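In: What would the 3D arrangement of this be:
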Amino acid sequence: MKLQYFGDLDQNALNDYYSIDIEIDGHQIGIDLNFQDTSIAEDRLLKVNAVLEKLPAFIGKLRGFIQEDFKNGTEVQEFLDFHLEEVAEEELAPLLSKADQSLKKDEQLLSVLSLRRIGFYPDEDDSFTVSDFETDPGISQYILVVNTTIDQELHYVTMES
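Out: Numbers count the residues shown, from 1 in each chain. Coordinates of the predicted model:
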């Protein structure tokens, strides 16, 4: 089977891990595939390919989940508050200078989050994709992680290091 970005994969002779770096909108994003076994049902790979073929739209959906949690949840606010409270202002300044200065500080920081990685776990239903967003790896090891289901619905958002 041919997968977007990865080329031909034999669904009955898989390695446990594949990775590639791609560029979308001027940003490098790591994409990885993680398999539990050496074979997988074709419909699972088709689900992966459906996301890969419409990756910019999927990334927009991920950002929408982050915005929704920012408005109604706690995880994104906790992530932003941590950085605003724990990272020195002079370290954040170069990053925040790229943001709309009319926004509140937490909204500025939210607006400059960048997607670093999307991991696919085709054997999983609840954590089918795991996407890592970061501020700047030079100032923080903490990332905002968005997990989605096999149907591209939000499973959860959390902060990890």
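In: Can you verify my assumption that Phe105 contacts Leu96?
Out: Let me fix one detail, which is that residue 105 is Lys and not Phe. Yes: under the criterion of C-beta atoms under 8 Å, Lys105 makes contact with Leu96 at 7.2 Å. Just so you know, the C-beta spots here come from the backbone N, C-alpha and C atoms, and that holds for glycine as well.
In: the more surrounded of those two?
Out: Taking other C-beta atoms under 10 Å, Lys105 and Leu96 do not tie; Leu96 has more neighbours (18 against 15).
In: Report the separation between the spatially closest residue to the more buried one that is not a sequence neighbour and Asp100.
Out: Among residues not flanking Leu96 along the chain, Gln108 sits closest, at 5.0 Å (C-beta to C-beta, 6 or more residues apart in numbering). Using C-beta to C-beta, to the nearest Å, Gln108 is found at 7 Å from Asp100.
In: Give me the more crowded residue out of the two.
Out: Neighbour totals were compared for Gln108 and Asp100, and Gln108 leads with 20 against 10 (other C-beta under 10 Å).
In: In this structure the more buried one contacts Ala93, no?
Out: No: in this structure Gln108 lies outside contact range of Ala93 using C-beta under 8 Å: 10.7 Å.
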